[in-house]
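S.K.: What would the 3D arrangement of this be:
(chains A and B)
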Amino acid sequence: MSEATSQAQSPPEDVIDGEEVPTELDTVNNSGGFSVIRPEKLSLLYPSVNLHGHDVGVVQANHPAPSKRLLYYFEIYVKNVGAKVGKLIVMDIMAIGDDGRLYRGHAKGEAFGPTYTTGDTVGGGINYSAQEFFFTKNGAVVGTVFKEVKGPLFPTVAVHSQNEEVTVNFGKDPFVFDIKAYEEEQRAKDHSKLDNISIQQDASYRIVRCYLQHYGYEDTLKLFNIAAQTNLSPASDDRLNDQYSTYALNERRNLLQLIRSGKIDDTFSMLGQLYPHVVQDGTSAICFLLHCQKFIELVRDAKLEDAILYGRTEFQKFKNLSGVDELVKDCAALLAYGDPSKSSVGYLLQDSQGELVADAVNAAILHTNSRVKDARLCMHSSLERLIRQVTACYLEKSSLEWDQGEAFQLRRMVESGKKG
Amino acid sequence: MPLFLVVIWKLSKIYNMAAKKLITRADWEKKLNDVKVGKEDMNKLVMNFLVTEGYVEVAEKFRTESGTEPDIDLATITDRMMVKKAVQEGNVEDAIEKVNDLNPEILDTNPQLFFHLQQQRLIELIRNGKVEEALEFAQEELAPRGEENQSFLEELERTVALLAFEDVANSPVGDLLDMSQRFKTASEVNAAILTSQSHEKDPKLPSLLKILVMVQNQLGEKAIYPRINDFSTAALEDGTI
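M.R.: Numbering: from 1, shown residues only, chains lettered A, B, ... in the order given. The predicted model follows:
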């Protein structure tokens, strides 16, 4: 929801994070005749014509509320409460139907919460984490209703007294209610549920150690082992793990440092000496990545003629390798720019590209460990496997629960808690 | 229970199990492979761990080897570690001075922490046999705080009670003389300093592990799938009914 409020000037996005979001009132599917929707499709008016007391003008939003998030929220500003002072009725705000079909007919539903009048802003929201609806008035929560949320829900606006007019805000303008704070509160509540879970004392230390071993951060590892010795209990299975992760630690460290500093020729020669079969096949993916990196380094050093020559010689060897076209194209595109780092292919000049190559070489060497029965164990550090497991579990859980709730994002966890 | 009912009950149990979605190892591994994990983010997670634990040298070296920037100034870690060390070694006055040098607001805004530091001072005086000094300190510094707060008063009384026992180690208040008491106070100071520096006081990695425990259990209610039970090896184990 917060993403939609970022710029009041630009038109509201219909799709956020791959999900459709409500942006305006639906002029096609409405209860027709009992209400008038203004041209900008964000205001609703109940005409002054004397209609039957039970006739309600009910209008839905154009899309259902997105569900792959913690909360969804929207607000209604009561421009004119009309002849009768209204009572907030649950059915006024959300069309609660498993099929999301428009609620027609009489205004049924429990009377709920305080009344509202001209000038009030009332809001309705879905809290997917707590599985409840919540309602606000003029910036304060006035109540919640527990309801297992299943299926798409359409924000719904209803008017039923003469001259009643309301304006709806789906996020184009800032909300009166502090939705961000409410979201933070919910996150904090969810986080505190973790307090009761206990994990093995030294698990974190082992994971960090395995990580440092896996990626060849040898010097860091040495210092870490000393610093953490009081916290790491020696266990018999450590030796088993170490067999995998400390395999060729020194060689890997040296090779990775070479790649990170752009010395690709040295990398090739060292690999040729120590692990010849990794680079034996000149058309392998590893060789391809290394050659690309060399190309990138030449561009970085502004040796464009050398780069072109190099590219011409090397890249054609890989035309039978699948999936390389994108990378070759992007690398070649670097030549087109005076300042390639600011271009769309600038990412190739960043450390992350070198890291990718380093990680691939690292995995290739770990693969040569004959003691490892399951080659897959070398591919990733235990930390990475854990992160994949958390992510996959969340996705699966969400798909089994009507696609609700936030996905796990490592980025968000890493960036959280930062202030200023 | 009549046989008929027992059969129904057992059938319903089997039905419930059958109601869980079964995900094979192969399918699950495919889902795992589809997950993209950023190296940069993992590096940051590790750096966050090193920094929160206070391993300054390790963090510095990691920064050099991996190019990851720590999320707080490493110099502040050294200061924080010195305070922690001072408390762990029983030099509470020294620790208090250092905390105030770092940020005078920390103790001002944290009366409980301040009380615990003063309490530790009292414990150290008693440990060193300075009975008169201890009593004077208790009466002048700690008693006024105790009047403001019931739980402070109770802790004060417990601490002063140390003086009453011949064999302190076996007394009901003997735990106060343990090193663990020093470590407890040291952790409290560590957390307060981290908070004052707008840094979360707990490293994120253990939270990640707890989240994994929680989500695996939640998913386990609806599906049978391979789990990771040993976090050190992070090996997949086939799901069991």
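S.K.: So residue A:407 is in contact with residue A:395, correct?
M.R.: Yes: assessed by CB atoms under 8 Å, residue A:407 is found in contact with residue A:395 at 6.2 Å. Any C-beta I mention is one placed from the backbone N, CA and C, and that applies to glycine too.
S.K.: all strands of chain B, in order?
M.R.: B:21-22, B:223-224, B:227-228, B:236-237 (DSSP state E).
S.K.: Show me what the third one pairs with in its sheet, parallel or antiparallel.
M.R.: Strand B:227-228 pairs in its sheet with strand B:236-237 (antiparallel), by DSSP bridges.
S.K.: Show residues contacting the strand it pairs with.
M.R.: A:385, A:389, B:25, B:28, B:29, B:226, B:227, B:228, B:229 (CB atoms under 8 Å, 6 or more residues apart in numbering or on different chains).
S.K.: hang on, the first one packs against residue B:234?
M.R.: By that I understand residue A:385. Yes: with contact defined as CB under 8 Å, residue A:385 reaches residue B:234; the gap is 4.0 Å.
S.K.: so what's in contact with those two at the same time?
M.R.: By CB under 8 Å, 6+ apart, the residues touching both residue A:385 and residue B:234 are residue B:228.
S.K.: how close does residue A:185 sit to residue B:208?
M.R.: Distance of residue A:185 to residue B:208, computed by CB to CB, to the nearest Å: 22 Å.
S.K.: Scan the contacts of strand B:236-237 and report the most crowded one.
M.R.: residue A:389 (25 neighbours; other CB atoms under 10 Å in any protein chain shown).
S.K.: Say whether chain B is contacted by whichever strand or helix holds that residue.
M.R.: Using DSSP states H and E, residue A:389 maps to helix A:382-400. Yes: applying CB under 8 Å from any CB of the partner chain, one finds that helix A:382-400 is in contact with chain B at A:382-397, A:400.
S.K.: Dump that helix to PDB, restricted to CA.
M.R.: What follows is helix A:382-400, C-alpha atoms only, in PDB (Å, rounded to 0.1, in the frame of the first residue of the first chain):
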ATOM      1  CA  SER A 382      24.600 -24.200   4.900                       C
ATOM      2  CA  LEU A 383      23.500 -20.600   5.300                       C
ATOM      3  CA  GLU A 384      22.300 -20.500   1.700                       C
ATOM      4  CA  ARG A 385      20.500 -23.800   2.000                       C
ATOM      5  CA  LEU A 386      18.700 -22.500   5.100                       C
ATOM      6  CA  ILE A 387      17.600 -19.300   3.300                       C
ATOM      7  CA  ARG A 388      16.300 -21.300   0.400                       C
ATOM      8  CA  GLN A 389      14.400 -23.500   2.700                       C
ATOM      9  CA  VAL A 390      12.700 -20.600   4.500                       C
ATOM     10  CA  THR A 391      11.800 -18.900   1.300                       C
ATOM     11  CA  ALA A 392      10.400 -22.100  -0.300                       C
ATOM     12  CA  CYS A 393       8.400 -22.900   2.900                       C
ATOM     13  CA  TYR A 394       6.800 -19.400   2.900                       C
ATOM     14  CA  LEU A 395       5.900 -19.700  -0.800                       C
ATOM     15  CA  GLU A 396       4.400 -23.100  -0.400                       C
ATOM     16  CA  LYS A 397       2.500 -22.000   2.800                       C
ATOM     17  CA  SER A 398       1.100 -19.000   1.000                       C
ATOM     18  CA  SER A 399       0.000 -21.000  -2.000                       C
ATOM     19  CA  LEU A 400      -1.900 -23.400   0.400                       C
END
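S.K.: Could you list every helix and strand in contact with it?
M.R.: helix A:203-214, helix B:25-33, helix B:39-53, helix B:204-220, strand B:227-228 (3 or more CB pairs under 8 Å, 6 or more residues apart in numbering or on different chains; DSSP states H and E).
S.K.: Give me the buried positions along that helix.
M.R.: A:382-398, A:400 (16 or more other CB atoms under 10 Å in any protein chain shown).
S.K.: mind listing the helices in chain B by residue range?
M.R.: With DSSP state H, the ranges of helices along chain B come out as B:3-18, B:25-33, B:39-53, B:56-66, B:74-88, B:92-102, B:105-108, B:111-127, B:131-137, B:143-148, B:150-160, B:179-196, B:204-220.
S.K.: Just give me the lowest mean pLDDT stretch among those helices.
M.R.: Among these, helix B:3-18 carries the lowest mean pLDDT, a mean of 57.
S.K.: check contacts around residue B:48.
M.R.: Taking CB under 8 Å, 6+ apart, one finds A:414, B:71, B:203, B:204, B:205 in contact with residue B:48.
S.K.: From chain A, how far out is the last one?
M.R.: The reference is to residue B:205. Separation of residue B:205 from chain A (CB to the nearest CB, to the nearest Å): 5 Å.
S.K.: so where is the stretch 51-200 of chain A shaky, pLDDT-wise?
M.R.: By pLDDT under 70, the low-scoring segments of the stretch 51-200 of chain A are A:51-57, A:83-114, A:147-151.
S.K.: Can you give me the neighbour number for residue 43?
M.R.: Chain wasn't specified; assuming chain A. 17.
S.K.: could you do chain B instead?
M.R.: For residue B:43, using other CB under 10 Å, the count is 22.
S.K.: Name every strand pairing with the longest strand seen in chain A and say which way it goes.
M.R.: Secondary structure of chain A per DSSP E: the longest strand is strand A:71-80. According to DSSP bridges, strand A:71-80 has the following sheet partners: strand A:121-127 (antiparallel), strand A:165-169 (antiparallel).
S.K.: Mean neighbour count, the helices and strands packed on helix A:382-400: which tops it?
M.R.: Mean neighbours per residue, mean count of other CB atoms under 10 Å in any protein chain shown, is largest over the helices and strands packed on helix A:382-400 for helix A:203-214, with a mean of 24.
S.K.: Quick one: distance of that helix to the chain centre.
M.R.: The chain centroid and the centroid of helix A:203-214 are separated by 26 Å, computed with CA atoms, centre = their mean, to the nearest Å.
S.K.: tell me the contacts of residue B:234?
M.R.: Contact analysis of residue B:234 by CB under 8 Å, 6+ apart lists A:207, A:382, A:383, A:385, A:386, A:389, B:228.
S.K.: Tell me which two of those residues sit farthest apart.
M.R.: Considering CB to CB, no two members of the contacts of residue B:234 lie farther apart than A:207 and A:389, which are separated by 12.7 Å.
S.K.: quick one: which of the helices and strands packed on helix A:382-400 is nearest residue A:346?
M.R.: helix B:39-53 (16.0 Å).
S.K.: Tell me who's in contact with the residue nearest the centre of chain B.
M.R.: For chain B, residue B:202 is the residue whose C-alpha lies nearest the centre (CA atoms, centre = their mean; 6.4 Å). Counting by CB under 8 Å, 6+ apart, residue B:202 makes contact with residue B:52.
S.K.: for the contacts of residue B:48, which one is nearest residue A:199?
M.R.: The closest of these, once distances to residue A:199 are taken by CB to CB, is residue B:205, at 10.0 Å.
S.K.: Quickly note the distance from the closest one to residue A:209.
M.R.: Relative to residue A:209, and taking CB to CB, residue B:205 is found at 12 Å.
S.K.: Low-confidence regions, the stretch 301-420 of chain A specifically.
M.R.: Those would be A:372-378, A:417-420, if you go by pLDDT under 70 across the stretch 301-420 of chain A.
S.K.: let's see it at 50
M.R.: Residues of the stretch 301-420 of chain A that meet the criterion pLDDT under 50 lie in A:419-420.
S.K.: Quick one: the helices in it, in order.
M.R.: Ranges of helices in the stretch 301-420 of chain A, per DSSP state H, counting those that start in this stretch, are A:304-315, A:325-333, A:351-367, A:376-379, A:382-400, A:410-415.
S.K.: need those in JSON lines with distance to residue A:74, can you?
M.R.: Formatted as JSON lines, the helices of the stretch 301-420 of chain A follow (distance: least, CB to CB, whole Å):
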{"stretch": "helix A:304-315", "distance to residue A:74": "53"}
{"stretch": "helix A:325-333", "distance to residue A:74": "40"}
{"stretch": "helix A:351-367", "distance to residue A:74": "38"}
{"stretch": "helix A:376-379", "distance to residue A:74": "45"}
{"stretch": "helix A:382-400", "distance to residue A:74": "22"}
{"stretch": "helix A:410-415", "distance to residue A:74": "23"}
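S.K.: Please consider this matter closed, and thank you.
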